[in-house]
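Engineer: Show me how the following folds:
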Amino acid sequence: MPNNCNYLNETFDISKEDLTSSWDEVCLWSSYFGAILLDTVKFLPNANILDIGCGTGFPLLEIAQRFGKSSHITGIDPWAEAVNRLHYKAKAMNVNNYDILVQKAEELPFKNGNFDIIVSNVGINNVEDPSKVISECSRVCKQNGQLVMTTNLPETMIEFYNVFRNVLNASGLTKEISLLDKHISAKRMTLDENVALIQSGGFIINNIKAGSFKLRFLNGTAFLNHHFIKLAFLPSWKIIVPADLLETVFSTIENNLNELALKDGELALTVPYACFDCIKP
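Structural biologist: Below is the predicted model of the structure:
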């Protein structure tokens, strides 16, 4: 039976703003982890897929297209503005085998055994209650279904955090060092803690891909002024330091990072990651 070849009749006008805007679709931070996730997910026809923490659409839109129209992917994310952006890009790309729920993942509104595949790209480590989310993933995952999740690990940007810790210590801010450690552990579980979390949901881990990549900057000034750093990290760092010392502490951090960059020729920050390939027995 011949294919319908509808794609032969589909054209895109590159002069239209929606298409050019959707072209710039991936947050660089998410892309490092997402590439590994996409290499891990198992392809099957007519798949029902769930993306925990879909954000602005990566890897949801990529998965929707790679699996094709016989499959359907559902995204969950509480960030309404990001979901609006996702819909905008999906329309520009002519992707329609998806739907989105704007809500948290701790209580999934799906029946037991609903999904063949569940993915989460640096998502589950950022929810309020990872244990509850994993439990819900187990409940809505089919028998022999796949869970693929990526996360960054506690040593993320350790070069920066060593400088931060040293500046706090030199400033006599010992209580704030404890707050810094709590900030790190709150969103970045160790490899063993991630394994325990996944297994607590009844999943069996088939494989773990672990490694690291580098975030490279000219110096500390460039790093601290980077849009993603100011959006995703700086707010949590600022609340660690007393307000009256904020400018002094961060000025010192910036200077120390600049000295480190001058010595090394750049500021290179290590980001260790893990990708878990799991099955629901």
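Engineer: So for stretch 54-68, what gets flagged as buried?
Structural biologist: By 16 or more other Cβ atoms under 10 Å, the buried positions in stretch 54-68 come out as 54-65, 67. (Glycine included, C-beta is placed from N, CA and C.)
Engineer: Where does pLDDT dip in this structure?
Structural biologist: Scanning the chain for pLDDT under 70 picks out 1-8, 10-12, 14, 16-25.
Engineer: Residue 201: neighbouring residues, count only.
Structural biologist: 20 (other Cβ atoms under 10 Å).
Engineer: Next: the one 4 residues further on.
Structural biologist: For residue 205, the tally of surrounding residues (other Cβ under 10 Å) stands at 14.
Engineer: thought residue 246 was touching residue 238?
Structural biologist: Yes - with contacts counted by Cβ atoms under 8 Å, residue 246 reaches residue 238, the gap being 6.3 Å.
Engineer: if I've got this straight, residue 221 is in a helix?
Structural biologist: Yes - assessed with DSSP: H, G, I helix; E, B strand; the rest coil, residue 221 lies in a helix.
Engineer: which residues does it contact?
Structural biologist: 254, 257, 258 (Cβ atoms under 8 Å, 6 or more residues apart in numbering).
Engineer: from what I can see the last one touches residue 222, true?
Structural biologist: To tie it back to what came earlier, the one meant is residue 258. No - the criterion here is Cβ under 8 Å, and residue 258 misses it with residue 222 at 9.3 Å.
Engineer: got the CA coordinates for the longest helix anywhere in the chain in PDB?
Structural biologist: When the chain is parsed with DSSP state H, its longest helix is helix 246-264. Provided in PDB are the C-alpha atoms of helix 246-264 (Å, rounded to 0.1, in the frame of the first residue of the first chain):
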ATOM      1  CA  LEU A 246      25.500  40.900  48.500                       C
ATOM      2  CA  GLU A 247      27.500  43.300  46.300                       C
ATOM      3  CA  THR A 248      30.700  42.800  48.200                       C
ATOM      4  CA  VAL A 249      30.500  39.000  48.100                       C
ATOM      5  CA  PHE A 250      29.600  38.700  44.500                       C
ATOM      6  CA  SER A 251      32.200  41.300  43.500                       C
ATOM      7  CA  THR A 252      34.800  39.200  45.200                       C
ATOM      8  CA  ILE A 253      33.500  36.000  43.600                       C
ATOM      9  CA  GLU A 254      33.600  37.700  40.100                       C
ATOM     10  CA  ASN A 255      37.200  38.900  40.700                       C
ATOM     11  CA  ASN A 256      38.300  35.500  41.900                       C
ATOM     12  CA  LEU A 257      36.700  33.800  38.900                       C
ATOM     13  CA  ASN A 258      38.400  36.300  36.600                       C
ATOM     14  CA  GLU A 259      41.800  35.500  38.200                       C
ATOM     15  CA  LEU A 260      41.100  31.800  37.700                       C
ATOM     16  CA  ALA A 261      40.200  32.400  34.100                       C
ATOM     17  CA  LEU A 262      43.400  34.500  33.500                       C
ATOM     18  CA  LYS A 263      45.500  31.700  34.900                       C
ATOM     19  CA  ASP A 264      43.800  28.900  32.900                       C
END
